[in-house]
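Q: 3D, please:
(4 chains)
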4 protein chains.
Amino acid sequence: MQYQDILNTIQLELISKKHTGKVATYIPELAKIDPKKLGIHLYCINSGHYYFGDSNERFSIQSISKVFALTLAMSLYSDELFKRVDVEPSGDPFNSLIQLEYENGIPRNPFINAGALVISDMLISKLANPKKQFLEFIHKLTGEQSIGINPAVFNSEKAYSHRNAALLNLMKSFGNIKNDIQTVLDFYIYQCAIEMSCEELAKAFMIYANGGKKLSTNDQILNPQKIKRINAIMQTCGFYDEAGEFSFRVGLPGKSGVGGGITAIHPGQYAVTVWSPILNPKGNSELGMFALERLTTLTGYSIF
Amino acid sequence: MQYQDILNTIQLELISKKHTGKVATYIPELAKIDPKKLGIHLYCINSGHYYFGDSNERFSIQSISKVFALTLAMSLYSDELFKRVDVEPSGDPFNSLIQLEYENGIPRNPFINAGALVISDMLISKLANPKKQFLEFIHKLTGEQSIGINPAVFNSEKAYSHRNAALLNLMKSFGNIKNDIQTVLDFYIYQCAIEMSCEELAKAFMIYANGGKKLSTNDQILNPQKIKRINAIMQTCGFYDEAGEFSFRVGLPGKSGVGGGITAIHPGQYAVTVWSPILNPKGNSELGMFALERLTTLTGYSIF
Amino acid sequence: MQYQDILNTIQLELISKKHTGKVATYIPELAKIDPKKLGIHLYCINSGHYYFGDSNERFSIQSISKVFALTLAMSLYSDELFKRVDVEPSGDPFNSLIQLEYENGIPRNPFINAGALVISDMLISKLANPKKQFLEFIHKLTGEQSIGINPAVFNSEKAYSHRNAALLNLMKSFGNIKNDIQTVLDFYIYQCAIEMSCEELAKAFMIYANGGKKLSTNDQILNPQKIKRINAIMQTCGFYDEAGEFSFRVGLPGKSGVGGGITAIHPGQYAVTVWSPILNPKGNSELGMFALERLTTLTGYSIF
Amino acid sequence: MQYQDILNTIQLELISKKHTGKVATYIPELAKIDPKKLGIHLYCINSGHYYFGDSNERFSIQSISKVFALTLAMSLYSDELFKRVDVEPSGDPFNSLIQLEYENGIPRNPFINAGALVISDMLISKLANPKKQFLEFIHKLTGEQSIGINPAVFNSEKAYSHRNAALLNLMKSFGNIKNDIQTVLDFYIYQCAIEMSCEELAKAFMIYANGGKKLSTNDQILNPQKIKRINAIMQTCGFYDEAGEFSFRVGLPGKSGVGGGITAIHPGQYAVTVWSPILNPKGNSELGMFALERLTTLTGYSIF
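A: The predicted structure follows:
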């Protein structure tokens, strides 16, 4: 089957697919999103772009931003980065406070909140203007200068950030946060509030499928060795407490966000982003996981 | 570089490599092994066999047997298997008693002891003669009829099996063990006491690299869909609490055992087994991990 | 108010008292008990016996037996006993598997199952005929030779003992169980299956109110120093995860069992036992706790 | 023996007693204290004052202040207080973050940090000028108007308060903190920085020995029912993870602080405070515990 045929098949299946999940409700701004939104954008190294539905509409990327933050941090730091954050799956639904306790303030990996907060802290230590430079990095990856944050989401998340403040304070008590807690929290929330479309995310994630090079310009954004490591972390840690399930069913490295986006890559082949705001009980897009499972089944290829 | 050149390079590096780990000592029989033992066997789909060192000497496969047990169980059961054991990484160094408590006796995955004990229980429910049939399955995969267990290791492990008995009793209290506890424990220990060489393990693991087919005979041992799922579980759960580190450094699905063996596969390319009994603090072969990291670095290929 | 007047008042209050709990159902034999059973026996050092209701009917003493086991063990061992079991409250509803893990197989106190299993193990090491001698100890405390076990409860508990077997195996893996696991389990279950009436329990517990002396014979069963320590452990650990609540509401050292019995003592004043099989969510007799709270309120005296 | 003879005996024993602990070092101000400081003040209902050593020198009362805070809060709130903080021992050395997670932000008891922070929050909701009124309450209990805080300790603790800030943020995420986090933290640290002597603490704690009445004036500070409950909580929760050990060895309700103070009461008999800054591994005064154990042994009386 051709890629466009496969996407068409998946689109038909999605229309009739029953779902049981719900849109994220922990902040009012996310709860307002139309649950029927649905889009996919597939960006292939050899054959270009395929898509359907709301693939051009921007949504809150939320935790998908953690991949960009890690990538930027790995361009600024060497292996010392992994002394402050580990690369093991967390296996823990409790937002990691418990493991932080046992493991002396070293977060399990950069894709749980605690780990992303440490990465934010490290970026602040190196960047003169963290918010601006973070956004510029995404502009560079996508070629889209208009990408920015949703201020309502940003403010809404600030009002519900006590758990992240607890993580920051706990890690600060272990010496693993160097900057001011409010500054780190503010920068972290800023990243989560960025809005991008499926197309823009697929373009940005192409570097992970393409050995660290931007496909359109052949710019080497990060060296291939580091890109492989990011892919490995996405594979084992990209889906909260459902990384194994995603690996088991889909078989690609990827990252999800509570805005309903999932972006995944097949090294050497493609980057793909799907958006559907209905989340399963573990916080991942229910239809998004289904769509990607169908994609690797219908193409017959996963990394396994 | 050619594969044999790469192996030669790795062999030279290993000779001068300093190590800090120790041979497993929890049972006397394993503590006796010569720590200098070292061998690799690489079995490529397109170009056959490459090896060096003690690659033909049999050693205790220990937890590597969990992959064979899962494979046999997946040939006998459908998706119901994954109602009794999950596919998530455990992220927990505490041998899983704690997570079993929280998760009502459902082990996190089939490659932690608790999960492998459930798999053993399920095999006993389906097989007339579990030990004999398990061994026959390995004979079929390898073509080697002489593979068997080390009785001294078997008896030694039986004497130190209280923690596994604790896991079994706890899971039985939740209803997730159906057969007699002593019978399950005996069968589980039997599997761990099997001895195979690097060559034999690489041959057996070829099915995971080759879409479920035995390369030499083209026999379909398990369907490709199920093979992919086993590979995904190896990727996320194959190295105790170091699965992320292995994924990060090596980038291949694999499984280790406290006997010092690690076997890994590159889907569509090769199966490889390395043996060195010196273990790092997390219980994985220290030089084995190094050797495989060098292999994917020098070939320039991992699944990521 | 006189003691008999106080008991009469409590009896009236209990009749009209609404309750929300349920009889223990984890074994069929306990589930069969008439939930309306209700009795109190108060045995005062200075003024003798007061009682009402089913105070003469024997019931399954269950965990109340742990106090007798500790007392017997403290008569056979010196301080070494408290190297194998601690004296801290457990604060953990999860039957102690987790804390055993963290604390290397040393149970938190002798009144949680893990601790009582260690005490049973220690008694087996010292007693030629543990079951017989345990029963003889209770015969001596009460002067009642006919006290024995309920065989149906004994057999029923044996069939549901996997969690205790898990605790034993885990502690054996840490070296804190010396005897055969089945033997320890069998002896522990035997103790729980003993049946006594409120009157018999109040008589037996008089030694804790009376500085270690049997009131009727003046026999010194255990020295006053050790008796005080048992009372202190009852105070902090006698009510599963509700020791604080009992201390807060009743203010006396005591011990409960899932058979619905609670026995408490006021040092220098009295021993009292109440029986009502309806348990609150934490496994303590709902009406029993109420009755004892009223007793210390109406008398105006607790240890605080 | 007379009380003064007993104190003299204890003083002699303390002089020759070897100790292995260390002064608290988590803030510089506490680390500076002379480890040889040692004093006791015993205040008996019937026979007045007995003392030796540095019993008149003020020291940082630290967590002993939690008893005053609970007392003041119980004078302002009815049973609703215990919906926001439980009365169970914590059994957990990990500063309670873990249990807060499992128990939805409800601290185990008012004497762990999390519980005391909730009590501080509740006091702020009721008091116009919390710091001033808290100090006035202590002035009333002791009759000493000069009692105040040590500003150096106050500032030092503020700089090391990230763990308490983590607790506050976590509880706020569960809705169990109503006021501004910085305000609560500031008030909590203020209480800990109060300085009192053994004599002043013994005077203040007399209300717990005397049914809620100030002995010198017969003022009823809190009703006897509530006083009993505070005593019960001191008994089960007053010594971090060593409440059982204190109950076992000393047998009195009490409260310790990392400044090296321990204050205990025998209801109807006396209040006693001991000060020695050398702490055992669980954070309680090593010589203080010894002195109080000797006191109840030599008098022959404890509550058990």
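
Q: neighbouring contacts of the helix or strand harbouring residue A:8?
A: Assigned by DSSP states H and E, residue A:8 belongs to helix A:3-16. Under the criterion Cβ atoms under 8 Å, 6 or more residues apart in numbering or on different chains, residues A:1, A:38, A:40, A:42, A:44, A:47, A:50-53, A:276, A:287, A:290-291, A:294-295, A:298-299 lie in contact with helix A:3-16. Every residue, glycine included, has its C-beta placed from N, CA and C.

Q: drop anything exposed from those residues.
A: A:38, A:40, A:42, A:44, A:50-53, A:276, A:287, A:290-291, A:294-295, A:298 (16 or more other Cβ atoms under 10 Å in any protein chain shown).

Q: what segments of chain A are strands?
A: A:22-23, A:39-44, A:48-53, A:59-60, A:195-196, A:254-256, A:261-266, A:270-275, A:278-279 (DSSP state E).

Q: the spatially closest residue to residue A:224 that is not a sequence neighbour: neighbouring residues, count only.
A: Closest residue in space to residue A:224, ignoring its immediate chain neighbours: residue A:211 at 4.3 Å, by Cβ to Cβ, 6 or more residues apart in numbering or on different chains. Neighbour count for residue A:211, taken as other Cβ atoms under 10 Å in any protein chain shown: 18.

Q: next up, the contacts around residue A:211.
A: A:224, A:227, A:267 are the contacts of residue A:211 under Cβ under 8 Å, 6+ apart.

Q: now it: how far from residue A:147?
A: 24 Å (Cβ to Cβ, to the nearest Å).

Q: could you do residue A:209 as well?
A: 20 Å.

Q: neighbour count: these two, which is higher?
A: Comparing residue A:209 with residue A:147 by other Cβ under 10 Å, the one with more neighbours is residue A:209, at 26 against 20.

Q: pretty sure the more buried one sits against residue A:270.
A: Yes: here residue A:209 lies in contact with residue A:270, judged by Cβ atoms under 8 Å, at a distance of 5.9 Å.

Q: check chain A for the residue nearest chain C and tell me.
A: Shortest chain A-to-chain C distance, computed as Cβ to the nearest Cβ: residue-wise this is residue A:102, at 9.4 Å.

Q: give me the pLDDT for that residue.
A: pLDDT recorded at residue A:102 is 78.

Q: with residue A:9 instead?
A: Residue A:9 is given a pLDDT of 96.

Q: now do residue A:124
A: For residue A:124, the pLDDT comes out at 98.

Q: and it, how far is that from residue A:188?
A: 10 Å.

Q: neighbour-wise, which of the two wins?
A: A direct count of neighbours by other Cβ under 10 Å for residue A:124 and residue A:188 places residue A:188 higher, at 27 against 20.

Q: gap between stretch A:79-86 and the chain center?
A: Offset of stretch A:79-86 from its chain centre (Cα atoms, centre = their mean, to the nearest Å): 20 Å.

Q: for that stretch, which positions count as buried?
A: Buried, per 16+ other Cβ under 10 Å, within stretch A:79-86: A:81, A:82, A:84, A:85, A:86.

Q: excluding chain neighbours, what is closest to the third one?
A: Spelled out, it's residue A:84. Nearest to residue A:84 is residue A:118, by Cβ to Cβ, 6+ apart, at 5.4 Å.

Q: select the helix or strand of chain A having the lowest average pLDDT value.
A: Sorting the helices and strands of chain A by mean pLDDT, DSSP states H and E puts helix A:97-102 at the bottom, at a mean of 80.

Q: residue A:71: neighbour count?
A: 22.

Q: so where's chain A shaky on pLDDT?
A: A:91-96 (pLDDT under 70).

Q: what about the helices in it?
A: A:3-16, A:28-31, A:65-76, A:81-84, A:97-102, A:113-126, A:130-142, A:151-159, A:162-173, A:181-192, A:198-209, A:224-237, A:243-249, A:286-299 (DSSP state H).

Q: reformat those helices as a markdown table; add distance to residue C:131.
A: Listed next are the helices of chain A as a markdown table, based on distance: least, Cβ to Cβ, whole Å:
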| stretch | distance to residue C:131 |
| --- | --- |
| helix A:3-16 | 66 |
| helix A:28-31 | 63 |
| helix A:65-76 | 61 |
| helix A:81-84 | 58 |
| helix A:97-102 | 42 |
| helix A:113-126 | 53 |
| helix A:130-142 | 72 |
| helix A:151-159 | 64 |
| helix A:162-173 | 51 |
| helix A:181-192 | 61 |
| helix A:198-209 | 67 |
| helix A:224-237 | 53 |
| helix A:243-249 | 48 |
| helix A:286-299 | 58 |
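
Q: between those helices, which one is closest to residue C:160.
A: Smallest distance to residue C:160 across those (Cβ to Cβ): 30.6 Å, for helix A:97-102.

Q: so which bits of that closest one are buried?
A: Neighbour-count burial for helix A:97-102 [16+ other Cβ under 10 Å]: A:97, A:98, A:99, A:100, A:101.

Q: could I get that helix in CSV with only the CA atoms?
A: Output of helix A:97-102 as CSV, limited to C-alpha atoms (Å, rounded to 0.1, in the frame of the first residue of the first chain):
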residue,chain,number,x,y,z
LEU,A,97,8.4,12.2,44.1
ILE,A,98,9.0,8.8,45.6
GLN,A,99,11.8,7.9,43.3
LEU,A,100,13.4,11.3,43.7
GLU,A,101,13.5,10.5,47.4
TYR,A,102,15.2,7.2,47.0
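
Q: hmm, that helix touching chain D?
A: Yes: using Cβ under 8 Å from any Cβ of the partner chain, helix A:97-102 reaches chain D at A:97, A:98, A:101.

Q: report how many residues lie close to residue A:196.
A: 29.
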